[in-house]
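Chemist: My questions concern the predicted model and sequence given below.
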Amino acid sequence: MLAAAACGFANAQTTAYTTPVGYTTTVLAPNQFNLIGLNVHQPTIASGILDTESSTSVTDAEVNFTTLLTQGQTYVLELPSGVIQEVTAWSGSTLTTSNDITGSVVPSTTTYKLRRASTVGDVFGLTNSAGLTPSTDGDLTTCDLIQIFNGTGFDTIYYFNDGAGTVGWYDDANNPAVDKAIVYSDGIFVKRVSGSNISLVVAGEVKAKPTSGVLASGFNYLNGVAPAGLTLGASGLQSFLTPSADGDLTTCDLVLLPAAGGAYTTCYYFDDGAGTTGWYDDANNPAESFNMSSAFLIYRVGGVKSYTLSVPASYSGF
């Protein structure tokens, strides 16, 4: 069932209708890069208590992942603390994770959820039901592009339709890309060419627990994860970002929230060390109540740093 109430984000581009299951509608404007996130997610396909763990594996003796999971798909393991991990392999009751999560698991106590990561086909439709402008000849300058950060750059995806029956999602090396995974912790860009607004509707589950990840130096492209109701002040990010002690934005981490026309509102956390703290925008207006958008950027001035993004307090009953 869908909730009756609707909540809008600050940039007026996304509206969410949510209980534990719902949908989001995000406007993809033409002639700009649209930064968006997946704020509702694939269903939970396994959950329970982790029986054992090692440096990069966990087991749940009650589940046979070999028969449950599909080779070639990407799965995400979620822990209540907010830690998430891509699952790189599985066998029997064991999941292999991409990183060491030993410190986050207490055998026979820690619960988990497992989801399949959404794909390009899931989000934009197997046959481009989202309505992105296709390429008719492989020329990527004339069509809409989906850009997914891969750690060092972007994987570029487009829809091909020659008008004669050859159709499909491809990357910029012309490899089939309908099953390209979009891990929900990451924001993605949709570059639109000329045309009119497109309303991208995505249905799924609401993730009711925090999400933890790692920030790299420079720009980080992140998903808001929660579909609505989370403010910058309640995001919890202030506990993980480098603040400014004097209003100098060149020495602190920055949160960039999408605004109209492809622009961004730059925000930072101020802490003078003497008790004056709070979120502000770059014009020094209070920003505590700014709503987190579908996706956002963090510019990290320091080195690698873990972070946790909270969910709205209203999700505590889920």
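Modeler: Great, that's in hand.

Chemist: which residues does residue 28 bridge with?
Modeler: For residue 28, the beta-bridge partners are residue 198 (DSSP bridges).

Chemist: which residues touch it?
Modeler: By Cβ atoms under 8 Å, 6 or more residues apart in numbering, the residues touching residue 28 are 34, 36, 130, 132, 190, 192, 197-200. In this view, the C-beta of every residue, glycine as well, is placed from N, C-alpha and C.

Chemist: Roughly how far does it sit from residue 190?
Modeler: 5 Å (Cβ to Cβ, to the nearest Å).

Chemist: Need the residues touching each of these two.
Modeler: 34, 36, 132, 200.

Chemist: Those: which two are farthest apart?
Modeler: Taking Cβ to Cβ as the measure, these span a maximum distance of 12.4 Å, between 36 and 132.

Chemist: what touches both of the two?
Modeler: By Cβ under 8 Å, 6+ apart, the residues touching both residue 36 and residue 132 are 28, 190.

Chemist: in the stretch 201-318 of the chain, which ranges drop under the pLDDT threshold?
Modeler: Within the stretch 201-318 of the chain, the segments meeting pLDDT under 70 span 317-318.

Chemist: what do you get if the cut-off is 50, keeping everything else the same?
Modeler: For the stretch 201-318 of the chain, no stretch has pLDDT under 50.

Chemist: need the strands for it, in chain order.
Modeler: For the stretch 201-318 of the chain, the strands defined by DSSP state E, counting those that start in this stretch cover 211-215, 218-223, 254-258, 264-271, 277-281, 295-300, 305-309.

Chemist: With distance to residue 244 as added columns, please give these in a markdown table.
Modeler: Output for these, formatted as a markdown table (distance: least, Cβ to Cβ, whole Å):
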| stretch | distance to residue 244 |
| --- | --- |
| strand 211-215 | 17 |
| strand 218-223 | 18 |
| strand 254-258 | 9 |
| strand 264-271 | 5 |
| strand 277-281 | 9 |
| strand 295-300 | 13 |
| strand 305-309 | 16 |
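
Chemist: I'd like those strands laid out as JSON lines, including mean neighbour count and distance to residue 164.
Modeler: Shown next, in JSON lines, are these (neighbours: other Cβ atoms under 10 Å; distance: least, Cβ to Cβ, whole Å):
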{"stretch": "strand 211-215", "mean neighbour count": "18", "distance to residue 164": "44"}
{"stretch": "strand 218-223", "mean neighbour count": "19", "distance to residue 164": "36"}
{"stretch": "strand 254-258", "mean neighbour count": "23", "distance to residue 164": "38"}
{"stretch": "strand 264-271", "mean neighbour count": "20", "distance to residue 164": "41"}
{"stretch": "strand 277-281", "mean neighbour count": "17", "distance to residue 164": "51"}
{"stretch": "strand 295-300", "mean neighbour count": "21", "distance to residue 164": "36"}
{"stretch": "strand 305-309", "mean neighbour count": "18", "distance to residue 164": "46"}
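
Chemist: These: which one's closest to residue 97?
Modeler: Closest among the strands of the stretch 201-318 of the chain, using Cβ to Cβ: strand 211-215, at 13.5 Å.

Chemist: tilt between the closest one and strand 218-223?
Modeler: Calculated by axes from the mean of the first three to the mean of the last three Cα atoms, to 10 degrees, strand 211-215 forms an angle of 160 degrees with strand 218-223.

Chemist: if I look at residue 289, how far off is residue 283?
Modeler: 15 Å.

Chemist: Counting neighbours, go ahead and name the busier of the two.
Modeler: residue 289 (11 against 8; other Cβ atoms under 10 Å).

Chemist: Now the more buried one: closest residue in space, sequence neighbours ignored.
Modeler: Nearest residue to residue 289, sequence neighbours excluded (Cβ to Cβ, 6 or more residues apart in numbering): residue 231, at 5.5 Å.

Chemist: What count of nearby residues applies to that neighbour?
Modeler: 16.

Chemist: Then the one 3 residues further on?
Modeler: Applying the criterion other Cβ under 10 Å, we find 16 residues in the vicinity of residue 234.

Chemist: what does residue 88 give?
Modeler: Residue 88, neighbours per other Cβ under 10 Å, totals 14.

Chemist: Same question for the one 4 residues further on.
Modeler: Other residues near residue 92 number 12, with proximity taken as other Cβ under 10 Å.

Chemist: if we can go back for a sec, which ChimeraX command selects the buried ones in the contacts of residue 28?
Modeler: Applying 16 or more other Cβ atoms under 10 Å to the contacts of residue 28, the buried members can be selected in ChimeraX as follows:
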select :34,36,130,132,190,192,198,200
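
Chemist: The contacts of residue 28 in strands, which ones?
Modeler: Applying DSSP state E to the contacts of residue 28, the entries found in strands are 34, 36, 190, 192, 198-200.

Chemist: Turn those into JSON lines, columns for distance to residue 43 and pLDDT.
Modeler: Shown next, in JSON lines, are the ones in strands among the contacts of residue 28 (distance: Cβ to Cβ, whole Å; pLDDT from 0 to 100):
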{"residue": "34", "distance to residue 43": "26", "pLDDT": "97"}
{"residue": "36", "distance to residue 43": "21", "pLDDT": "96"}
{"residue": "190", "distance to residue 43": "24", "pLDDT": "98"}
{"residue": "192", "distance to residue 43": "30", "pLDDT": "98"}
{"residue": "198", "distance to residue 43": "25", "pLDDT": "97"}
{"residue": "199", "distance to residue 43": "23", "pLDDT": "97"}
{"residue": "200", "distance to residue 43": "20", "pLDDT": "97"}
